[in-house]
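[1] The amino acid sequence is not available; the structure is as follows:
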Ligand code: TRP
């Protein structure tokens, strides 16, 4: 059976961008067609300045939200990265396989490090080596496919390079994975800055809808979304990115995210609107309705922490069973003396 691995980093509240760009596909497609593992990648949240209590809280919340969104603990493996030691064990071997030049070329590293230095801060070494830990996450499970947003494509490419190099040097050990990227329309942009992705940690948060935002907060964020000046409603990604984002968001909420469910795409939707006001009202209601069952289910699960703990405990056990033999094989292959 095909193996799928993906993860979310608990550095902020999960957003509509995370849901439409990745999580919805994990729920609706991936967990049904493969042996799928999904990880709350908490170690990755330590690569920038962090508050321990906040990381702990966000990790639990992310796991609860993934269940609320429809990941089924009977079907897939949901676990917390730091509960499975194999990730860090393997990461070190991959540090001995990748080069420092490869790490320094990573776009995300360059951007985040530059931002940190511009603020006069220091850059944690783990921010540089983070893609190697991500490669370990993936390779420890013999992963075939990695469903991620396109901002992670470069890291998956690096993972492939490292896997191929390791196999060539030490004998076949790792499956070489590939990224499966979402349909273009599933890329939700920031409502205040449509040139950047709607992310967990971007700006003030006014441009990002969090999955747990109250309906009135969702409405306010959508109604204040930047549009592009001109009065007419047309779909033009280049010239009218703010408007295009709203149209794509509406299409995605209605299911037309490129998966071809027969719902209207963004061009067709544009033709149906005379004014921004009407469009924004419909987008706001569509998002509120999309999130309503998720919020309700989250509230139920959050009231039963014992259940979530149980899911994560069994998830970590299953993950360990899968990763341990792969990582042990890698240890022997590079020449480490087996402990007896
Ligand atoms: N780095 C990913 C992100 O920032 C999260 C992640 C961690 C991940 N490990 C992974 C994604 C392994 C896919 C596979 O979104």
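    Done, it's in. Values in this document were obtained by computation on a predicted structure and should not be read as measured data.

[2] for the longest helix along the chain, packing partners?
    Under DSSP state H, the helix in the chain containing the largest number of residues is helix 305-334. Judged by 3 or more CB pairs under 8 Å, 6 or more residues apart in numbering; DSSP states H and E, helix 305-334 is in contact with strand 35-40, helix 52-69, strand 77-80, helix 86-95, helix 153-170, helix 276-302. For glycine as for every other residue, the C-beta is placed from the backbone atoms N, C-alpha and C.

[3] residues of it that come out buried?
    For helix 305-334, burial by neighbour count (16 or more other CB atoms under 10 Å) applies to 308, 311-312, 315-316, 318-320, 322-323, 326-327, 330-331, 333.

[4] and those near the ligand, which?
    Near the ligand, judged by CB under 6 Å from any ligand atom, there are no entries from these.

[5] Out of those residues, which is nearest to residue 227?
    Residue 227 lies nearest to residue 308 out of the buried residues of helix 305-334, by CB to CB, at 39.8 Å.

[6] So that closest one is in contact with residue 63, correct?
    Yes: the pair residue 308 / residue 63 is scored as a contact, 6.1 Å apart, by CB atoms under 8 Å.

[7] Now for those two: what residues contact both?
    Shared contacts of residue 308 and residue 63, defined by CB atoms under 8 Å, 6 or more residues apart in numbering, are absent.

[8] residues of stretch 166-180 that come out buried?
    166, 170, 173, 174, 175, 176, 177, 179, 180.

[9] Okay, and which of those residues map to helices?
    The helices, defined by DSSP H, take in 166, 170 from the buried residues of stretch 166-180.

[10] and the two most separated of the buried residues of stretch 166-180?
    Across the buried residues of stretch 166-180 (CB to CB), the longest gap, 27.4 Å, separates 170 and 180.

[11] Just give me how far stretch 191-206 sits from the chain centre.
    Centroid displacement of stretch 191-206 relative to its chain, using CA atoms, centre = their mean, to the nearest Å, is 15 Å.

[12] contacting residues for the residue nearest to the spatial centre of the chain?
    By CA atoms, centre = their mean, the chain has its centre lying nearest to residue 8, at 4.4 Å. Residue 8 makes contact with 14, 18, 22, 23, 38, 39, 40, 41, 62, 66 under the criterion CB under 8 Å, 6+ apart.

[13] Tell me the pLDDT of it.
    As predicted, residue 8 sits at a pLDDT of 96.

[14] likewise residue 231?
    Looking at residue 231, its pLDDT stands at 82.

[15] Quick check: residues of the stretch 51-200 of the chain near the ligand?
    So the stretch 51-200 of the chain meets the ligand at 134, 137, 138, 146, 148, 152 (CB under 6 Å from any ligand atom).

[16] Output those residues in TSV, with distance to residue 124, pLDDT and secondary structure appended to each entry.
    What follows is those, written out as TSV (distance: CB to CB, whole Å; pLDDT from 0 to 100; DSSP: H, G, I helix; E, B strand; the rest coil):
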residue	distance to residue 124	pLDDT	secondary structure
134	15	98	helix
137	18	98	helix
138	22	98	helix
146	24	98	strand
148	23	92	coil
152	19	93	helix
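
[17] a markdown table for those residues, including neighbour count and distance to residue 88?
    Output for these, formatted as a markdown table (neighbours: other CB atoms under 10 Å; distance: CB to CB, whole Å):
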| residue | neighbour count | distance to residue 88 |
| --- | --- | --- |
| 134 | 25 | 12 |
| 137 | 28 | 10 |
| 138 | 30 | 14 |
| 146 | 23 | 19 |
| 148 | 21 | 21 |
| 152 | 20 | 20 |
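
[18] Closest one to residue 57 out of those residues, please.
    Residue 57 lies nearest to residue 137 out of those, by CB to CB, at 22.0 Å.

[19] rewinding a little: run the angle between the longest helix of the chain and strand 35-40 for me.
    Angle of helix 305-334 versus strand 35-40, following axes from the mean of the first three to the mean of the last three CA atoms, to 10 degrees, is 110 degrees.

[20] Give me the mean pLDDT for helix 305-334.
    For helix 305-334, the mean per-residue pLDDT is 98.

[21] from the middle of its chain, how far away would that helix be?
    With CA atoms, centre = their mean as the basis, helix 305-334 stands 20 Å off its chain's centre.

[22] now swap in stretch 286-302 and tell me
    Chain-centre distance of stretch 286-302: 19 Å, with CA atoms, centre = their mean.

[23] how close does the residue nearest to the centre of the chain get to residue 249?
    20 Å (CB to CB, to the nearest Å).

[24] Just list the residues touching residue 40, thanks.
    7, 8, 10, 59, 62, 63, 66, 78, 79, 80, 81.

[25] Correction: the previous question concerned residue 72.
    By CB under 8 Å, 6+ apart, the contact set of residue 72 is residue 31.

[26] cutoff 10 Å now
    Counting by CB atoms under 10 Å, 6 or more residues apart in numbering, residue 72 touches 27, 31, 32, 78.

[27] Also residue 23?
    Going by CB under 10 Å, 6+ apart, the list of residues near residue 23 reads 6, 8, 14, 16-17, 30, 38, 62, 65-66, 69-71, 147, 211, 294.

[28] now swap in residue 84 and tell me
    Residue 84 sits next to 37, 39, 137, 140-141, 315-324, 327 when contact means CB under 10 Å, 6+ apart.
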